[in-house]
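A.B. asks: Fold the following, please.
(4 chains, ligands or ions: 4)
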Amino acid sequence: MDILQLFLETGFWVAMVRMATPLIFGTLGELICERAGVVNLGIEGIMAAGCMGGWMWVFLGGSLWGGIVFAACIGIAFGMLHSLFAVYLGLSQHVSGLGLTMLGSSLSAFVFRMLLPKATTPPKIVPFAPLDLPVLSHIPFLGEVVFSQTALTLLAFAMVIIVAYILFKTPLGLALRMVGENPMAVEAQGLSVLGLRTAAVCAGSAMMAVGGAFLTLSAFDAYYIGMVNGRGWICIALVVFSSWKPYKALLGCLLFAAFDAVQMRVQQQAGMAIPYQLYLALPYIFSIIALIIMSRKAAYPKALLIPFRKGER
Amino acid sequence: DKITVAGIYTQPIQQKWDACLHKALQKAADAGDIDYVYSEKVSNTDYIRVLREYSEKGVNLVVGEAFGISRDVRKVAKDYPNVAYLMGDTFGPAGSNLSVFDNYIHEPCYLMGMIAGKMTKSNKIGMVGGYPIGEVNRLFHAFMAGAKSVNPAVEFKVSFIGSWYDPPKAKEFAYAQVEAGVDILYAERAGVVDAAREKGILAFGNVNDMNKEENGKDVVVASALWHMESAVNHAISQVKKTAFKAEDYKEWTMMAKGGASLSPYYEFEDKLPADIKAKVAETAEAIKAGTFTVKINDEEPKSTF
Amino acid sequence: MPMIKPVLSLSNITKTFGRVLANDQVSLDLFPGEIVALLGENGAGKTTLMSILFGHYLADQGEILVRGKALAQGSPRAALSAGVGMVHQHFTLAGNMSVLDNVILGTEPLWGLKTRRRKACKKLEGLMKQFGLKVDPHAQVSALSVGEQQRVEILKVLYRDASILILDEPTAVLTPQEADHLFATLNQLVKGGLSIIFITHKMREVMAASHRCVVLRQGRVVHETPTRDTSPEDLARHMVGQEVEKKARQKLIPGNEVLSLKNISLSGTAGKTGLEHLDLDLRGSEILGIAGVSGNGQSLLADIICGMTLPDKGDILVHGSPMAGPSPGAMVRAGLGRVPDDRTSTGLIADMNLMENMASETYKKMPFSRFGLLNFKAMEKETATRVKHFDVRCPGLNTVVRNLSGGNMQKLILARELSGKPGIILANQPTWGLDVGATAYVHDRLLEAAQNGAGVILISEDLDELFLVADRIQVMSQGHLSPAMDIDDVDREALGLIMAGQGETHAH
Amino acid sequence: MRIEPRENQSLGRLILALFLAVAAALSVCSLLILWSGASPVQGWLLMVKGALGSKFAISETLTRATPLIFTGLAAAVAFKAKLWNIGGEGQFYLGACMAILLGTDTGLSAWALIPWLFVAGALAGGLFLLVPTLLKTHMNVDEVVTTLLLNFVVLLFVNWLVFGPWKDPMSMGWPQSAPVVDAAALPVLLAKTRLHLGFVLGVGAAVLVWLFMERTVWGFEIRAVGHNPNASRFAGMPVNAVIVRTALISGGLAAMAGVSELLGVKGYLTTDLSPGFGYTGIVVAMLAALHPLGVVASALFVAMIYIGADSMSRAINISNYIADVTTAVSLLAVLCALFFTKYRIRRG
Ligand SMILES: Nc1ncnc2c1ncn2[C@@H]1O[C@H](COP(=O)(O)OP(=O)(O)OP(=O)(O)O)[C@@H](O)[C@H]1O
Ligand SMILES: Nc1ncnc2c1ncn2[C@@H]1O[C@H](COP(=O)(O)OP(=O)(O)OP(=O)(O)O)[C@@H](O)[C@H]1O
Ligand SMILES: [Mg+2]
Ligand SMILES: [Mg+2]
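C.D. replies: Ligands and ions are numbered 1, 2, ... in the order given. The predicted structure follows:
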């Protein structure tokens, strides 16, 4: 089978969209934080916490959407912690983030172990089912690729539009972007820098956590410790790739997922003399190449990483 | 009298390999034979410290993995001659107190391969594994050999996900194989069974009984089971008798000694053709009797189409 | 106006920063329709006082009443809704955003479903027309000249229909024409009922525009007087606490050519004017003034002379020989002393201390280092001498430069650049934002350097300054440089016209 | 409520703050211990014992601190120049690779071999970091992302090496490289422990880096460029060259962590040589406020907490994930504590 033929298969496109979904949530979440001037390296841990928390909610008898909301709440809790350290106290965003990643990953493992001390085979839940929408799901190609995924995938796409709209069309979005460019400008116009940053970090973290929950509530039906497996870091890369723009972020997520899907299909061809590790590395290598192409003139938020303390200059 | 047994695992105990050790020890603990303590997800860097700590604390038996740290484990074993060590390892036993084992469940894999070879309609079988290490490779090869023995026309797809632990990813790999025409999956990793269920095809399980444990009803025809109970119980009784020696427990994880088996067919009992069931039973007997040997091949398996 | 109630009254404001007493029991009233000029040396506490009023800082003590009602402190939002608007000394603009974005930020409820951009744009354009403050609402702020950015700051306040206006050095980076225009605007506003406090270091503006003057020194109000009862000299004396003497240039005999630019061209980048066929000759013992409205290419010219940018075409000759590969390092080695317009982000490394900044150009050379190792003792000694000689006031040589006032930063730069007795000096807007005392000091040093034989290029928008110290003058307009004119041969009006791009490019 | 800088900083306050931070962190973790039904007080005592209570405990703490000192220094140097090198993990593995490449088949004596391996490893790590660095300086490609992504690539590369060409024929199929020759093994400092010469080298490196950054012209340039590249360029410093130099040093230090770990602890290469030392190094560096000597202290602190909590989890038999939780919470608490030694919060 040659690679071009691969793109003719609907299954490939379906896989791409499915694999992109958690990345879309995570990338949008990080994008919101960074637009407000706060890097959130806690993403990997927040995704882990959402992954476990959302699943646990459902496992303990809650509804699926309840699980999503619960995961979002966990994300907000982590977002508040990050805000406390990185926004209110103005501490190093890197350390706070890495600390939260450590905390999120280990705490979710610990809690899982405490609640299910005997679980060797991870218990299962009934995850989100693929949609079967009246007309939409039956459109040829598109119906299968987009509208027959689970509701969370559609939510992810909707989030791209919503986030883009909020960021670029509403007063709130203007304020959020501005606070990442020059907090003093925001303060001078009577808005609360700390409030806006906190809101952005919490909202972004909530989305990351939902991205994590996608893994246990849609992509799979059980929780495994360590299941996020670096997806959060990819999101950080994708935010830069997207030059902090939601639509480009969507594109980046799809592209990364496409590399991954190609890699999976090419790797298992017979007579492949190339080691499989190279295929696994492809998505990363292509991301770097794509980044090189994209970022000649990337304009990052000017106040990124710079804490704001009232009455200091 | 009870002895204390420590388990040290490099992966979380949901990882099947470690789960198998953990469950066997837990069973012994529940039966009141031992006091059982364990540490999970101990990285190799920390492993030796943990090993020494347990040894220092005076546990009687340590069960764990020496893969990748064989040398250091041997040093520790030498430093604590009064502690018994039963470690997963590719090297042989050492000193007076270090016994080794590995999971040799390639025999039931061969049997599953036979069934798979008969059941496939497309003559295409897929296999998804973690990493191409010996423990995994030999299972794949046995499975392929079994399938070929009944159906020389079958072809195989092989994928490694590059992680012990990423069910969504394993699932994606399995989907990709199904797209390529595979109609039977060998689920070395968690996640594959779910893909089979969603795609409406059959699967075979690995290490644990996936039909019962991983939502494999109507999907998982059979699983190659690994039982550490007999090995662990043997070790425990030896320690209790203060007769623990450095041994290779390889045989304790094979079919003849009850260390491995093919799971029941459950709902597939009636769906499988009688002739293949008979042939599998016959081969199983031959294996147990020692008249038939399944070849161990630790080379990295490759796709054939 | 005793029977009229003040619209704003600050009473007994006290504010300390660590050990610094920035405001000490300051009281100030502002009456309707009044323009008050707030004066004082750099670091006297003017900005602090206004920042307290606007809510950036919290006062340790004191009360603020707006129209008789107490104003919640520490909240810019409260100040804004009480009708107080502030034009900040250090711009509060986001460079990556459009002018319009910067202006409408925070003027609509945050939870609105859609920004009403079109309506806002119309209002903004109306204001621009009304007050003659022209900028492209859709331009990116970073593409604007400093002067234009200043206009945006003012528009921001006007857009909010403030009734009390605070302007912190609004004219620091405006041309005289622009400044005049601004004050005309302010007068117009005041007639409409506004009240204004403005801070400036330029006496001309104080005398021309204000009704009343308040002078701060070391955090206290030391003088308060109606403007018509005072004079610039009088005010300066109160600010500094002593007489300020202004030195003017003496006619010197120019020496050899030390620096020439031959036919320099550089294409402009987005929104910025390029340079076209510049010619410039600088001789020793003279001060060559470059006049012009900011944004006409001066910064590019300065960058080229500093080695920061390479011209597309043309030659740079230093002491008669062409520079092979101009770079900042090469220029330093060629003996140029360079005073950039941006003290905090180009001239100095704000987070490093005085010693390190003093050594930042010559750290590889003897007093500062030996065999690749820094020599702290020598560094300290050398810095101490220079700091003393140049009268840089600082808590200690180990303080980070960020904590110095603008005036002292500038002195520090002069100390670094002039100590090596360079033969060529480029001074780009060296007195922006400096108080009268500091300004006089800078002029003094430049004149001294010229006297000692150096050739000085002084880029400035301030015609007063140029007339005071320059020997010859060239005008920069839309990337073109007019031929040099002897300062005695030109008059203000003609120069103003050339600057505006309307006059003849050739004098005589 | 507002935050104000303190005028003076006292050692007493620093110690008090650190003490309170650790106490606060431990109280948070006590909740988890209580949840599992054990006694927190006992837990704390066991933690201290596990980290410092015996020769073995101390040796393990120091052993774990060793690679963290190197990776911490790597981050500290790079971050000083605002070169955000998140790729310590990848450089760590490259260093280890060099040690295997040059250390398995050689007749050099220990005196020549060990320095040679460190130098070669450092060179490899440094040159590797050069790739993202040049992309940053010449093409404006964000180095946070490239260094981060290259970690994954390097790990897969190592994976390929130990599964393929470098697989030790004597390893019976397990993916690991052949061991380095005996002469390459770093001497053990304390008999019957794993504490090796790498610790001394790490502390030595910290002192050297400190002197380098504070006393030399090159260090001065690095600090200046980190604070303000524009002003540094204006002052005539070769900004890009400085960044490149910084990259060589930073990548080199991170790679030395890999060499030290391989020669001192393991002897051969596997894909799990590092449980995230590269990432933890960033945290170590930041806790130390990028001060090279502080890096030693914070590496010891992080190692102590982790080893102590890990040992405690086994002693009272609760899930050993508590070790990571405790480390994370302590880290955040100490971060806050350091904040309160520099700032105070005033009401009003
Ligand atoms: N954010 C701050 N932190 C600490 N000290 C400050 C701060 N802002 C001002 N100060 C102190 O307050 C004093 C007054 O500063 P302020 O900015 O009000 O002076 P100014 O009168 O506006 O000077 P200039 O004419 O240069 O603008 C300074 O001497 C300084 O020590
Ligand atoms: N972060 C700070 N900490 C301490 N003091 C400060 C700080 N920022 C400013 N200052 C003090 O504020 C005083 C005035 O500073 P300011 O920046 O207003 O000076 P300036 O002359 O107005 O500068 P410029 O002319 O460049 O605008 C200085 O005396 C300085 O000591
Ligand atoms: Mg001021
Ligand atoms: Mg000023």
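A.B. asks: pLDDT weak spots in the chain?
C.D. replies: In the absence of a named chain, chain A is used. For chain A, applying pLDDT under 70 flags the ranges A:1-3, A:272, A:295-298, A:313.
A.B. asks: that answer is for a different chain, and I need it for chain C
C.D. replies: C:1-3, C:175, C:270-272, C:501-508.
A.B. asks: Which positions in it make contact with ligand 1?
C.D. replies: Neighbours of ligand 1 within chain C, by CB under 6 Å from any ligand atom: C:17, C:20, C:22, C:40, C:42-48, C:89, C:405-406, C:435. All C-beta atoms are positioned from the backbone trio N, CA, C, and that covers glycine.
A.B. asks: buried subset of those residues?
C.D. replies: In terms of neighbour count (16 or more other CB atoms under 10 Å in any protein chain shown), the buried residues within the residues of chain C next to ligand 1 are C:17, C:22, C:40, C:42-48, C:89, C:405-406, C:435.
A.B. asks: Tell me how far the one helix or strand residue B:24 maps to lies from the chain's centre.
C.D. replies: Per DSSP states H and E, residue B:24 falls inside helix B:16-30. Remark: helix B:16-30 is offset 13 Å from the chain centroid, using CA atoms, centre = their mean, to the nearest Å.
A.B. asks: got the buried residues for that helix?
C.D. replies: B:16-29.
A.B. asks: go on, stretch C:203-221?
C.D. replies: Across stretch C:203-221, burial judged by 16+ other CB under 10 Å covers C:203, C:205-207, C:209-221.
A.B. asks: Filter those down to just the ones in strands.
C.D. replies: Under the assignment DSSP state E, the buried residues of stretch C:203-221 contribute C:212, C:213, C:214, C:215, C:216, C:217, C:220, C:221 to strands.
A.B. asks: Relative to ligand 4, which of these is nearest.
C.D. replies: residue C:216 (12.8 Å; CB to the ion).
A.B. asks: For that closest one, which residues are in contact?
C.D. replies: By CB atoms under 8 Å, 6 or more residues apart in numbering or on different chains, the contact set of residue C:216 is C:26, C:38, C:39, C:40, C:44, C:45, C:46, C:49, C:222.
A.B. asks: Break down the stretch 101-250 of chain B into its helices, ranges please.
C.D. replies: Chain-ordered helices for the stretch 101-250 of chain B, with DSSP state H, counting those that start in this stretch as the definition, fall at B:106-119, B:134-150, B:167-179, B:192-199, B:210-213, B:229-240.
A.B. asks: among those, which is nearest residue D:265?
C.D. replies: helix B:134-150 (24.4 Å; CB to CB).
A.B. asks: Do the closest one and chain D come into contact?
C.D. replies: Yes: judged by CB under 8 Å from any CB of the partner chain, helix B:134-150 comes into contact with chain D at B:134, B:137.
A.B. asks: what's the answer for stretch A:184-199, then?
C.D. replies: No: Stretch A:184-199 is not in contact with chain D by CB under 8 Å from any CB; minimum separation 10.5 Å.
A.B. asks: end to end, how far does that stretch reach?
C.D. replies: End-to-end distance for stretch A:184-199: 17 Å, by CA to CA, to the nearest Å.
A.B. asks: Chain neighbours aside, what residue packs nearest to residue B:71?
C.D. replies: residue D:267 (6.8 Å; CB to CB, 6 or more residues apart in numbering or on different chains).
A.B. asks: show me what contacts the one you found?
C.D. replies: Contacts of residue D:267 by CB under 8 Å, 6+ apart are B:71, D:179, D:180, D:185.
A.B. asks: From those residues, keep the buried residues only.
C.D. replies: Neighbour counting by 16+ other CB under 10 Å classes D:179, D:180, D:185 among the contacts of residue D:267 as buried.
A.B. asks: got the residues you listed as a markdown table, with pLDDT and distance to chain B columns?
C.D. replies: Output for the buried ones among the contacts of residue D:267, formatted as a markdown table (pLDDT from 0 to 100; distance: CB to the nearest CB, whole Å):
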| residue | pLDDT | distance to chain B |
| --- | --- | --- |
| D:179 | 89 | 8 |
| D:180 | 92 | 12 |
| D:185 | 91 | 11 |
